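Undergrad: Give me the fold of what follows.
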Amino acid sequence: MAEKLQQMNQLTSDENQFSTDYLIKVKRSRVGFMDRAKLTKETNEFCKEEGIINTEDKSVKEREFEALAGGEIVILDKDEESASNEDQCWIKEACTNPGPNACGYGWPNPAGGGISAHQLSATVVCVECCVETTPGCCRKMFPDVCICQDITHKTVLMDCILGNDTHEIDYKDPSGSVVRQTIQFNAFNPEGNPRALRLHVHAHDNFQDMTMIMHAAASGYWHHATLKNNMLLQFGKRCHILDLPSDVFPMDIGVNFLETESGNFILNQEDQIISTNTLIVTGAVDPQTLHPDIQKLCQGFQVVKSEMVPANQSYADVSTFKLSPVRDIAPVGMQMTSCCTQQVVSSITGACIQWTNPVTGTAIHVHLVVTDDAETDLTCCNSNGNVGCSPLYPACCECNCPCADITSAEIFRECLSRPLVLRKPITQDSIANNDLGALHASNLIRAMGNLQGANGGSLGYVANFHGDAPGPCGAFSCCPHGSSLEFLPWHRLYSVQMDTELRTQSTGVTSSTAAQPFTPATLPYWDWTTNSAGTGPMTALPDLVSS
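TA: Numbering: from 1, shown residues only. You can find the predicted model right below:
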């Protein structure tokens, strides 16, 4: 070794004595904690403060290397090219250089001759693209691959890398549960909206469903002094609107996500840094000023401007299900009979999501945990168990979950979303036929009247979601009558929303009968194909509705 070093030191700087190789390292996949442990001790020691990425080495020409080093996009041959049968089009790779670059030392040529091998390397990201000699061949033979000559800018290259497909990774939370997270980019958005990255995690443990959307300006920039309200955290009952932090880079998050997916491993605790935060509402936001993807997602949610600050709660505090002390709803008209009472229980409103660690270190991701400054309330029911209540009145708690049964986050979420009572059918002559019963019909009519004046006119606001234009959905009505796939699920959700609004105004009637249970005001339904006589379809709306 000493002799070789001496030979190297004797070399002059004359470039004729060097044979320069140009090498690029194509980023392919992330290395997680479990695979890091399989690497040599020296590698782990050297990279103890850095992430590790599997790369593929490719030799390139000097002009290609210089173009990459200058930030240009370069089209390179693949080691094994895929081609059409007639070789009218084939697959190459479009690459660009996000850094870093390196220059190797000039070691003596082991083959002799006094020429040193000097190696220059650059780290690049690449995506497959198609080159064609016959127009239309690429779209026919490789429909899911970008056309190379169309990739003229890094924005287009990132569109090709991230695409429109939904990608998935799995991670372990501290409880040991394996959680799946998805990501989707709106590349080549045909509607012309600014590019946006969407991340989603399903509810698990004490965490609720959460969706994060980050979007760029129309110019393509993700950070700009005039770009505001370009980040969404949607969970619970709110859409929290924030300004995208200056150290969060959505394109890096997207590429990192794909590299983690390619690594085909589950993110362990050692791969994550947990960051626990609280969202503080600072004001209101006009939904019409937000990105169209955010507007669509936040229909029916409270949209607020928020600020994210460090929380004074630990991960265990947020992730562990715990009901706050039970509160009754007496201030707003507590419903009570000798058989049952309604009460309100609360739980922390929390959610979590994974994004790229913005600083160096072995942790690949930040496990971002957020809580809402408003707790999630749930109305539940207590059966009093008095003599004569059961089985004479078995439906006493039919309208709400029994409070005693709410022992886990899963049951809490189920009670929040369940249809609380079965819908009752009515006929065209529903009043004459007493389809609902006098108590139910009276409560329903009273609730509809209350809803008209509640919260500035909640009934009109909910009704406008269906067909008013311009309205909550801009120049078009919100209901998807032109979509056969969305029509039924959209209107089912719309009915649930209306039913929920009605229940918030349900007054209930406590009769003189000691054991009379609470009767909620819920929406009925009717079969328009059958009239009261059963001789054909209805000829008019049910009289309960029209009156």
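
Undergrad: Work out which residue lies at the spatial centre of the chain.
TA: Averaging the C-alpha coordinates of the chain gives a centre point, and the residue nearest to it by Cα atoms, centre = their mean is H200 (2.3 Å).

Undergrad: Tell me the confidence at that residue?
TA: Per-residue pLDDT puts H200 at 95.

Undergrad: Verify the stated contact: it with L232.
TA: No: counting by Cβ atoms under 8 Å, H200 does not reach L232; the two are 11.5 Å apart. (C-beta placed from N, C-alpha, C; glycine too.)

Undergrad: so what sits against both of the two?
TA: Counting by Cβ atoms under 8 Å, 6 or more residues apart in numbering, the contacts common to H200 and L232 are T211, M212.

Undergrad: circling back to that earlier point, can you tell me the SS state at the residue nearest to the centre of the chain?
TA: Taken by DSSP: H, G, I helix; E, B strand; the rest coil, the conformation at H200 corresponds to strand.

Undergrad: For it, give me its contacts.
TA: Contacts for H200 were tallied using Cβ under 8 Å, 6+ apart; they are Q181, T182, I183, D209, M210, T211, M212.

Undergrad: and the helix or strand containing the first one, what does it pack onto?
TA: Using DSSP states H and E, Q181 sits in strand 178-185. Packing partners of strand 178-185 (3 or more Cβ pairs under 8 Å, 6 or more residues apart in numbering; DSSP states H and E): strand 167-172, strand 196-201, helix 250-263.

Undergrad: between those, which gets nearest to N400?
TA: Among the helices and strands packed on strand 178-185, strand 196-201 comes nearest to N400, with 28.3 Å by Cβ to Cβ.

Undergrad: That closest one pairs with which strands, and in what direction?
TA: According to DSSP bridges, strand 196-201 has the following sheet partners: strand 178-185 (antiparallel), strand 210-215 (antiparallel).

Undergrad: how about CSV for these, with distance to M538 added?
TA: Formatted as CSV, the entries for the strands paired with strand 196-201 read as follows, by distance: least, Cβ to Cβ, whole Å:
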stretch, distance to M538
strand 178-185, 44
strand 210-215, 41
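
Undergrad: which of those is buried the deepest?
TA: Looking across these with neighbours counted as mean count of other Cβ atoms under 10 Å, the highest average goes to strand 210-215: a mean of 24.

Undergrad: Any chance you could list what contacts it?
TA: The contact list for strand 210-215, computed with Cβ under 8 Å, 6+ apart, reads 193-201, 222, 230-235, 244, 248, 250, 253, 291, 293-294, 297, 351-353, 355, 370.

Undergrad: Just the buried residues of these.
TA: Applying a neighbour-count criterion of 16 or more other Cβ atoms under 10 Å, the buried members of the contacts of strand 210-215 are 194-201, 222, 230-235, 244, 248, 250, 253, 291, 293-294, 297, 351-353, 355, 370.

Undergrad: I'd like the strands paired with strand 196-201 written out as TSV, with mean pLDDT and distance to H240 added.
TA: Compiled in TSV, those are given as follows (pLDDT from 0 to 100; distance: least, Cβ to Cβ, whole Å):
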stretch	mean pLDDT	distance to H240
strand 178-185	94	18
strand 210-215	96	10
